[in-house]
Each structure stands twice: as C-alpha cells, then as structure tokens.
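[1] For reference, the sequence and a predicted model appear below.
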Amino acid sequence: MTRFTRRTTAFAAAGIAAFTLTGCGAGAGPGAPDSGTGAPSGSATEDARKGSAAEGGLEVGGAWIPEPANPATAAGYLTVRNVGDRDDALVDAETPAAGTTEVHTTVTADSGAKTMEAVERAPVPAGGELVLESGSYHLMLMELPEDLSAGDTVALTLHFESGTEIDVDTPVLER
Ligand SMILES: [Cu+2]
C-alpha cells in the first residue's frame, strides 16, 4: 500500500500530463490524428505479428507495444481471456526492457482530462476477459534502459493473483 501511494505521488510530481500524452495514448483524440482509429480491430497482418501465450486457464493474445513517442516510457496492450471457472486478476508485470513495469488504468476527471493511475489488480473474471488498450487498462513500461523501436521484441512476464505466470514475446510495432 505504501508503495502504491508513493508511486501515485511520484506521478504527480513528474507531471501526469507528459505521461498522458506520450506514454499511454490516453490523450488520443483530435490532436492525435495518427493514433487510435484502427486500434481495436487492426489489420490481419498486424494481428499476426502480435504476441500470444496461454497458461493456467488464461489466454493472452494481441500483445503489442506501440513504438514509444517518448523514449522514457512505453505502453503495453493485450487481451487476457479467462477460459477457466475461477476469477483472476492481473497484479503485476515485468520485463528486462524496463526498470519498472506497472498496471495502469485511465481515469477521466470532471474536466474531461484523462490521467492514469497505477492499480494493484486488474480483474479477469471467469469466462470473461481483460482488455489492455489505449484509454483503459494498460501496462506502463518505465525507466527503459534502451530505446524501443518497431521491430524489437520485448519478453513480458505477466503475474496473476492465482499465481499463474505467463511469458509473452511482445513485438514493438509502429503506432
Ligand atoms: Cu500509463
């Protein structure tokens, strides 16, 4: 709990706006004409390049990282399908490609401004799915030791509340 609070504070100090515009894609809209429009469906070619893996009743698909506009941070998007009969939740993620990886959600303030917050769990209900995408839950990769470019592959490990761990090779793709 302490760690969570401290991270939230750190975001405020570092400037949430910068992350919002460059890290998450949460600010996609009129000012970002190149992002978002085809994201939910994507092309068949692009989908084939995305990462997938399965373990313990959980299936991960459509894993990808948009090539970061800001070299300091990157977002990770994927879908987790729970084909088991037990509720689960994504609680953590890690990769050698980032010093810190967090599970974030996107919140809309009364003003309409979108910011993001670290969460301790993102639910994956039995028979349901968790979608990590721009403007919603997503992974936040921070403190990148090296720049990520389209064509790179990131070894991502997802940790679930049930104890299940899933490794998924996640490609960096152009936005
Ligand atoms: Cu984020």
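    All right, it came through fine.
[2] Pull the number of nearby residues for residue 59.
    17 (other Cβ atoms under 10 Å). C-beta here means a position set from N, CA and C on the backbone, and glycine is covered the same way.
[3] which stretches of this structure form helices?
    Ranges of helices in the chain, per DSSP state H, are 2-14, 16-19, 44-49.
[4] Low-confidence stretches in the protein?
    Residues of the chain meeting the criterion pLDDT under 70: 1-46.
[5] any idea how far the closest residue to residue 99 other than its chain neighbours lies from residue 89?
    If the residues on either side of it in the chain are set aside, residue 99 comes closest to residue 143, at 2.9 Å by Cβ to Cβ, 6 or more residues apart in numbering. Residue 143 sits 24 Å away from residue 89, going by Cβ to Cβ, to the nearest Å.
[6] Equivalent analysis for residue 133, please.
    17 Å.
[7] Kindly state the beta-bridge partners for residue 77.
    Going by DSSP bridges, residue 77 is paired in beta bridges with residue 64.
[8] what about dumping the CA coordinates of stretch 94-114 to PDB?
    The C-alpha atoms that make up stretch 94-114 are tabulated as PDB, following Å, rounded to 0.1, in the frame of the first residue of the first chain:
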ATOM      1  CA  GLU A  94       7.900  -7.300 -15.600                       C
ATOM      2  CA  THR A  95      10.300  -7.200 -18.400                       C
ATOM      3  CA  PRO A  96      14.100  -6.800 -18.800                       C
ATOM      4  CA  ALA A  97      13.200  -4.000 -21.300                       C
ATOM      5  CA  ALA A  98      12.000  -1.700 -18.400                       C
ATOM      6  CA  GLY A  99      13.300  -0.800 -15.000                       C
ATOM      7  CA  THR A 100       9.700  -0.600 -13.700                       C
ATOM      8  CA  THR A 101       6.500  -2.000 -15.100                       C
ATOM      9  CA  GLU A 102       3.100  -1.100 -13.700                       C
ATOM     10  CA  VAL A 103      -0.500  -2.000 -14.400                       C
ATOM     11  CA  HIS A 104      -2.300   1.300 -15.100                       C
ATOM     12  CA  THR A 105      -5.900   2.400 -15.600                       C
ATOM     13  CA  THR A 106      -7.100   5.500 -17.200                       C
ATOM     14  CA  VAL A 107      -9.400   7.900 -15.400                       C
ATOM     15  CA  THR A 108     -11.400  10.800 -16.700                       C
ATOM     16  CA  ALA A 109     -11.500  13.900 -14.500                       C
ATOM     17  CA  ASP A 110     -14.600  16.100 -14.200                       C
ATOM     18  CA  SER A 111     -12.800  18.500 -16.500                       C
ATOM     19  CA  GLY A 112     -12.700  15.800 -19.100                       C
ATOM     20  CA  ALA A 113      -8.900  15.500 -18.900                       C
ATOM     21  CA  LYS A 114      -7.600  11.900 -18.900                       C
END
